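Participant: how does the following fold in three dimensions:
(2 chains)
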Amino acid sequence: KAGVTQTPRYLIKTRGQQVTLSCSPISGHRSVSWYQQTPGQGLQFLFEYFSETQRNKGNFPGRFSGRQFSNSRSEMNVSTLELGDSALYLCASSPGDGSQPQHFGDGTRLSIL
Amino acid sequence: QKEVEQNSGPLSVPEGAIASLNCTYSDRGSQSFFWYRQYSGKSPELIMSIYSNGDKEDGRFTAQLNKASQYVSLLIRDSQPSDSATYLCAVNWDNAGNMLTFGGGTRLMVKP
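Facilitator: Residues are numbered from 1 along each chain as shown, chains lettered A, B, ... in the order given. Prediction:
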């Protein structure tokens, strides 16, 4: 069974640009969550999508947004990039409710110049 | 503010010893608890999940949960140098969705 696939693996952008990251969950998984990992703040929850609807949202500004498609694939968009957005962005999928573990993809490393 | 706390380490143990990793959390009503291992430059990998009080064993790993004390731990028996990594404790406050709060992680170093 294929794992969680994130693309691209690496991205370099400049301040003010926008970026879209993609995540394909494990087959059959309907929940996709996004996390940001930085050395200073650790792993922080961004948002979760389930059945094309945002089910939970973390404490991030509106520049961070996402969506989920009918095949459960998800995208995350960050607009007006800031230097502080440099981070590893991780996507995790699970079958459904929170009692089942999430499995992470390899992440997208975003660097802002 | 719901929080998950871990000692950042590093925790250094000799090869073959038992490594004990600890985690405390702030919400007594929390439902699900997970341990992830993260090697440097890699993504988190699920090791164990635990949902009820007591011990849960899987190979060399044992997770222990005490909801009254708001405490979850991970024991690694017969530690190997390949176990050297950062171990992340994660809590799902309720099972309505998949919103994990992570501790800062404990760096484990197993010395040959």
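Participant: okay, and the beta partners of the most centrally placed residue in chain A?
Facilitator: In chain A, the centroid-proximal residue (Cα atoms, centre = their mean) is residue A:34; its distance is 3.2 Å. Beta-bridge pairing of residue A:34 under DSSP bridges involves residue A:47, residue A:91.
Participant: my guess is it meets residue A:87, correct?
Facilitator: No: in this structure, residue A:34 is not within contact of residue A:87 by Cβ atoms under 8 Å, at 11.2 Å. From N, CA and C alone the C-beta is placed, and that goes for glycine too.
Participant: circling back to that earlier point, OK, contacts around the residue nearest to the centre of chain A?
Facilitator: Counting by Cβ atoms under 8 Å, 6 or more residues apart in numbering or on different chains, residue A:34 touches A:23, A:45-48, A:66, A:74, A:76, A:89-92.
Participant: at 7 Å instead, please
Facilitator: A:46-47, A:66, A:76, A:89, A:91 (Cβ atoms under 7 Å, 6 or more residues apart in numbering or on different chains).
Participant: most neighbours, which of those?
Facilitator: Most neighbours among the contacts of residue A:34, by other Cβ atoms under 10 Å in any protein chain shown: residue A:91, with 29 neighbours.
Participant: what distance do you get for it to residue B:79?
Facilitator: Distance, residue A:91 to residue B:79, by Cβ to Cβ, to the nearest Å: 31 Å.
Participant: for residue B:82, helix, strand, or coil?
Facilitator: Of the three states, residue B:82 takes helix under DSSP: H, G, I helix; E, B strand; the rest coil.
Participant: neighbours of it, how many?
Facilitator: For residue B:82, using other Cβ under 10 Å, the count is 8.
Participant: what's the pLDDT at it?
Facilitator: Here the pLDDT value assigned to residue B:82 is 97.
Participant: residue A:1 now?
Facilitator: At residue A:1, pLDDT is 69.
Participant: wait, what's in contact with residue A:66?
Facilitator: Counted by Cβ under 7 Å, 6+ apart, residue A:66 has contacts A:34, A:47, A:49, A:74-77.
Participant: in what helix or strand does it lie?
Facilitator: For residue A:66, the element it lies in under DSSP states H and E is strand A:64-68.
Participant: mind listing what that strand pairs with, with the direction of each?
Facilitator: strand A:74-78 (antiparallel).
Participant: list the buried residues of the strand it pairs with.
Facilitator: A:74-76, A:78 (16 or more other Cβ atoms under 10 Å in any protein chain shown).
Participant: need those in JSON lines with pLDDT and distance to residue B:102, can you?
Facilitator: Below are these laid out as JSON lines (pLDDT from 0 to 100; distance: Cβ to Cβ, whole Å):
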{"residue": "A:74", "pLDDT": "98", "distance to residue B:102": "20"}
{"residue": "A:75", "pLDDT": "98", "distance to residue B:102": "23"}
{"residue": "A:76", "pLDDT": "98", "distance to residue B:102": "18"}
{"residue": "A:78", "pLDDT": "98", "distance to residue B:102": "20"}
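Participant: and which of those residues is nearest to residue B:7?
Facilitator: Each of the buried residues of strand A:74-78 was checked against residue B:7 using Cβ to Cβ; the closest is residue A:76, at 31.6 Å.
Participant: residues contacting that closest one?
Facilitator: Residue A:76 neighbours (Cβ under 7 Å, 6+ apart): A:21, A:34, A:66, A:89.
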